[in-house]
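Undergrad: model the following, please.
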Amino acid sequence: MRFEPKNLDFQLSPYTGLTRQHWIDAAKYMLDGIFRHIKNMDDPVIVPRYETEVTYPNAHTPAWKVQAEIFEGLARSFFLAAPLIHIEPEVTVAGMPLREYYKKQILKACTPGDPCYVLGYEDMVKTEAPSERLNTYQQTVETCALVICLWLSKEEIWDTYTREERDRIAAFLTPYAHKNTVPQNWRLFNMLDLAFLHMNGYPIDKGIMRHHASVILNYYTGDGWYRDGHAMDYYSAWAFQVYSPIWCQWYGYENEPYLAAKFEENSNKLMETYSRMFDADGWVNMWGRSNIYRNAATSAFDGNLFLRHSEANPGLARRISSGALMQFLGRDDLMYEGVPALGFYKNFIPLVQSYSCAESPFWLAKAFMCLHLPEDHPFWTAKEENGVWDEMRAGETRETVLNGPGLCMANHRDNGTTELRTGKVIRKRDDNNGLCCYAKLCYSTKYPWEASLAGRTESQMYTVYDEEFHTLKKTNALLWHGSRDGVLYRRAFLHYDSQAEMHWMHCVDLADFPVANGMVRVDKFRTFRTGLVVSLGSYGFPDTGDTQIRVLEKDGAKAIVVKGRDSQGREKQMAMTVFAAWENLEVIRSRDTNPDSADSIVLSASLKRENLYAYEPFVMVSQIITRESMEDFTEDEIFSIREISYTDPEGCGGYGPVTLKMKDGRTMTVDYLGIEGDLEI
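TA: Numbering: from 1, shown residues only. Sure thing, here's the model as predicted:
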């Protein structure tokens, strides 16, 4: 059952109708789904699960991590409950008094011998062999959620504990604050644990605090983004840009003013462009790992509001936050037994990582931290705005290129979609989940990524099938060059291996630019073998039973147009056109690979390379456009290129610029020369 807000206010919120009260109602709606499974005050937050192979706990889970599930349920659901308890101290959900429940469960989690004890740091170290004592523990993550929520409900819970009880909680937190952590965004968990302890009069090692904070700052790539491991993803938004502003308020402004000033500067830099990651409806793009956290991506706006000098636009921040909230809670397939499913929308195992459990999706509750803002705060009182979407004219696409993190957002005014193109990506060859999360050529807010298919084609990815050795190579590395004259340049390596010379890997020089409803690709293939089949797939299209398919041809170009509806009944339309080099365009049908629909369609372009050194077409020109209605694309939209001109007399594009005269009046020039010396990872 979906969340259905009542008494919408389109004067204050002209785009979503949602107000602070609707957010309170939504928090209660989610908590009601949780607490229907909790029978008494002693029961932990454990919810039903249907998957036991990928997620934990399973047959391979160590004993200490079994208890981590209890902590995830407690701490992450507390993100929903803590601000609600502060607003309504006597609130009950499904007959359970929330303040009393969480007050009791927190103590149980920290008390050795209790069935709900989630294990102290030293307890877990004792269970491991000496060679494993650099291990880190899931509980460290949850301690951070716990201290944030204890602060959000300070007067109602923390201040009501006895001195002995507060000391017990502090004794539990202290080793987690000071001991091993994962050397990436996890450092922030330790920082907030340390800051909470310091703020409440407990001793900490300030050198450890300074170490973590200085390293976190050095993960900064520019443009408001931080690198988290090899990749950039939403952890920059829901970890770095939430926890660092809280740290500034709790500790940094007073004790580390230089670092705090830098964190504030970086958060405000993110606010300059972060709204463009979302589409005209405020929807989140399915990109990066941990997609089960969904609209937690909007928590960066609230994070910025913790700062002394916040530059977030409150009306725009609320509009996006509310739009993203309803992207998920407005669906009828989000919940499994009353709690968010392990998927982006419905249950969808291809995106789930092994570090997750049934309670992990409650991380999306971080979006509800905005409820800590009082009802007279501008976040709640400002009229909703829609940023760049209100500024564009019909037919316009607004691009934002961020060279620091290697991100390019294209906001399409006509279809209201945001397409994201990324770079600076390396994944393991066989990491199909990681390839889908990071290595797609393009991500769309309205077409969440399609999982790995059974055949030779992958959605939004180049593949090469070797007919002699019967091997399929996929794109697993995207290098970033940047934008020149309206064209974004990157390089895709297929089956990338850092131990091999690049000349022994198939690669594609990527050059793409937007049209009104999508993207044109002018990509150049480079190989070292024969007997190859090169393929490129479209977005995955939900096939809910009444999909219409048309095949069109004009002046040597071929297109396939599909029309239908997604699982929620929304109208959808997609067209893929091939203009040059491609030999075939076909419809691929798949099952259980689409986040929205059980059945789906991917349009696939392909060509063969039979001769090793033949001078034949190098440049593959294609286009994918989408529309959120049944209104037919015009012929000029489907066949948007009037003329393609090459420098070489054969017209293969082996060297020199390629010029495209577009039917919208533009002339686009693609020139790959020079990207070799400026590729970034």
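Undergrad: the strand or helix carrying Met271 - what's its average pLDDT?
TA: Here Met271 sits within helix 257-273, counting by DSSP states H and E. For helix 257-273, mean pLDDT is 98.
Undergrad: list the buried residues for it?
TA: The neighbour-count check on helix 257-273 (16 or more other CB atoms under 10 Å) flags Leu259, Ala260, Lys262, Phe263, Glu264, Asn266, Ser267, Asn268, Lys269, Leu270, Met271, Thr273 as buried. For every residue, glycine as well, the C-beta is placed using N, CA and C.
Undergrad: which one is the fourth one nearest to, not counting chain neighbours?
TA: Sequence neighbours aside, Ser244 is the residue nearest to Phe263 in space, at 4.1 Å (criterion: CB to CB, 6 or more residues apart in numbering).
Undergrad: I'd say the one you found and Ile216 touch.
TA: Yes - Ser244 lies in contact with Ile216 (CB atoms under 8 Å); the separation is 6.9 Å.
Undergrad: need the residues touching each of these two.
TA: Here Ser244 and Ile216 share the contacting residues Leu188, scored by CB atoms under 8 Å, 6 or more residues apart in numbering.
Undergrad: so for these two, which sits in the more crowded spot?
TA: Set Ser244 next to Ile216 and count neighbours by other CB atoms under 10 Å: Ser244 wins out with 29 against 24.
Undergrad: now do the contacts for the more buried one.
TA: Neighbouring residues of Ser244 by CB under 8 Å, 6+ apart: Leu188, Ile216, Gly252, Phe263, Asn266, Ser267, Gly303.
Undergrad: give me phi/psi at Thr669?
TA: phi -110, psi 130 (degrees, to the nearest 10).
Undergrad: that one and Gly656 touch, don't they?
TA: No - here Thr669 does not reach Gly656: they are 10.3 Å apart, not a contact under CB under 8 Å.
Undergrad: what helix or strand does the residue lying closest to Glu256 once chain neighbours are set aside sit in?
TA: Distances taken as CB to CB, 6+ apart place Ala213 nearest to Glu256, at 6.1 Å, with adjacent residues excluded. According to DSSP H and E, Ala213 maps onto helix 206-218.
Undergrad: which parts of that helix are buried?
TA: Of the residues in helix 206-218, those buried by neighbour count under the rule 16+ other CB under 10 Å are Ile208, Met209, His212, Ala213, Ile216, Leu217.
Undergrad: on that earlier part again, and the buried residues of helix 257-273, which is closest to Tyr235?
TA: Nearest to Tyr235 among those is Leu270, at 12.9 Å by CB to CB.
Undergrad: next up, phi/psi of the spatially closest residue to the closest one that is not a sequence neighbour, please.
TA: Closest residue to Leu270 apart from its sequence neighbours, by CB to CB, 6+ apart: Gly224 at 2.6 Å. Main-chain torsions, Gly224, degrees, to the nearest 10: phi 90, psi 0.
Undergrad: list the contacts for Gly224?
TA: Gly224 is in contact with Ser236, Gln241, Asn266, Ser267, Asn268, Lys269, Leu270, Met271, Glu272, Thr273, Tyr274, counting by CB under 8 Å, 6+ apart.
Undergrad: how about Met326?
TA: Neighbouring residues of Met326 by CB under 8 Å, 6+ apart: Phe3, Pro5, Thr16, Leu18, Gly282.
Undergrad: repeat the analysis, applying 10 Å as the threshold.
TA: The contact partners of Met326, by CB atoms under 10 Å, 6 or more residues apart in numbering, come to Arg2, Phe3, Pro5, Thr16, Gly17, Leu18, His22, Ala26, Asp281, Gly282, Trp283, Asn295.
Undergrad: can you tell me the helix or strand for Arg168?
TA: Going by DSSP H and E, Arg168 is in helix 163-178.
Undergrad: do Arg550 as well
TA: Per DSSP H and E: Arg550 is located in strand 548-554.
Undergrad: and that strand, what does it pack onto?
TA: Using 3 or more CB pairs under 10 Å, 6 or more residues apart in numbering; DSSP states H and E, the elements in contact with strand 548-554 are strand 557-565, strand 571-580, strand 584-591, helix 635-638.
Undergrad: and those: which comes nearest Thr127?
TA: Thr127 lies closest to strand 584-591 among the helices and strands packed on strand 548-554, at 42.3 Å (CB to CB).
Undergrad: as JSON lines, the buried residues of helix 257-273 with distance to Gly423 would be great.
TA: Converted to JSON lines, the buried residues of helix 257-273 look like this (distance: CB to CB, whole Å):
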{"residue": "Leu259", "distance to Gly423": "29"}
{"residue": "Ala260", "distance to Gly423": "31"}
{"residue": "Lys262", "distance to Gly423": "25"}
{"residue": "Phe263", "distance to Gly423": "25"}
{"residue": "Glu264", "distance to Gly423": "28"}
{"residue": "Asn266", "distance to Gly423": "20"}
{"residue": "Ser267", "distance to Gly423": "23"}
{"residue": "Asn268", "distance to Gly423": "24"}
{"residue": "Lys269", "distance to Gly423": "19"}
{"residue": "Leu270", "distance to Gly423": "18"}
{"residue": "Met271", "distance to Gly423": "23"}
{"residue": "Thr273", "distance to Gly423": "16"}
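Undergrad: which residue packs closest to Ser600, ignoring adjacent ones?
TA: Closest to Ser600 by CB to CB, 6+ apart is Asn594, at 3.6 Å.
Undergrad: next: Thr577.
TA: Thr577 sits nearest to Ala559 (CB to CB, 6+ apart), 4.1 Å away.
Undergrad: hey, what's the one you found bridged with?
TA: For Ala559, the beta-bridge partners are Leu552, Thr577 (DSSP bridges).
Undergrad: what does Phe513 give?
TA: Taking DSSP bridges as the rule, Phe513 bridges to Val520.
Undergrad: isn't it right up against Glu419?
TA: No - the criterion here is CB atoms under 10 Å, and Phe513 misses it with Glu419 at 11.3 Å.
Undergrad: those two: which is more packed in?
TA: Neighbour count, other CB under 10 Å: between Phe513 and Glu419, Glu419 has more, with 29 against 21.
Undergrad: assign a three-state SS to the residue lying closest to the more buried one once chain neighbours are set aside, would you?
TA: Spatial nearest neighbour of Glu419, chain neighbours left out: Ala410 (4.5 Å); criterion: CB to CB, 6+ apart. Under DSSP: H, G, I helix; E, B strand; the rest coil, Ala410 falls in the strand class.
Undergrad: so how far is Tyr274 from Ala410?
TA: Distance of Ala410 to Tyr274, given as CB to CB, to the nearest Å: 15 Å.
Undergrad: can you list phi and psi of Pro448 for me?
TA: Main-chain torsions, Pro448, degrees, to the nearest 10: phi -60, psi 150.
Undergrad: can you spell out which helices and strands pack onto the lengthiest helix in the chain?
TA: Counting residues, the longest helix in the chain under DSSP state H turns out to be helix 63-87. Counting contacts by 3+ CB pairs under 10 Å, 6+ apart, helix 63-87 packs against helix 20-35, strand 92-93, helix 98-109, helix 121-126, helix 138-152.
Undergrad: how much does that helix deviate in direction from helix 138-152?
TA: If you take axes from the mean of the first three to the mean of the last three CA atoms, to 10 degrees, helix 63-87 sits at 10 degrees to helix 138-152.
Undergrad: residues of helix 63-87 that come out buried?
TA: 64-65, 67-87.
Undergrad: my read is the residue nearest to Ser600 is in a strand, agree?
TA: No - Asn594 is assigned coil when assessed by three-state DSSP, not a strand.
Undergrad: what's the burial count for it?
TA: Asn594: 29 surrounding residues under other CB under 10 Å.
Undergrad: quick check: phi and psi on it?
TA: The phi/psi pair for Asn594 (degrees, to the nearest 10) is phi -110, psi 130.
Undergrad: wouldn't it be in contact with Cys436 here?
TA: No - counting by CB under 10 Å, Asn594 stays clear of Cys436, with 11.5 Å between them.
Undergrad: who touches both of those two?
TA: Jointly contacting Asn594 and Cys436 under the rule CB under 10 Å, 6+ apart are Pro350, Pro448, Trp449, Glu450, Ala451, Ser459.
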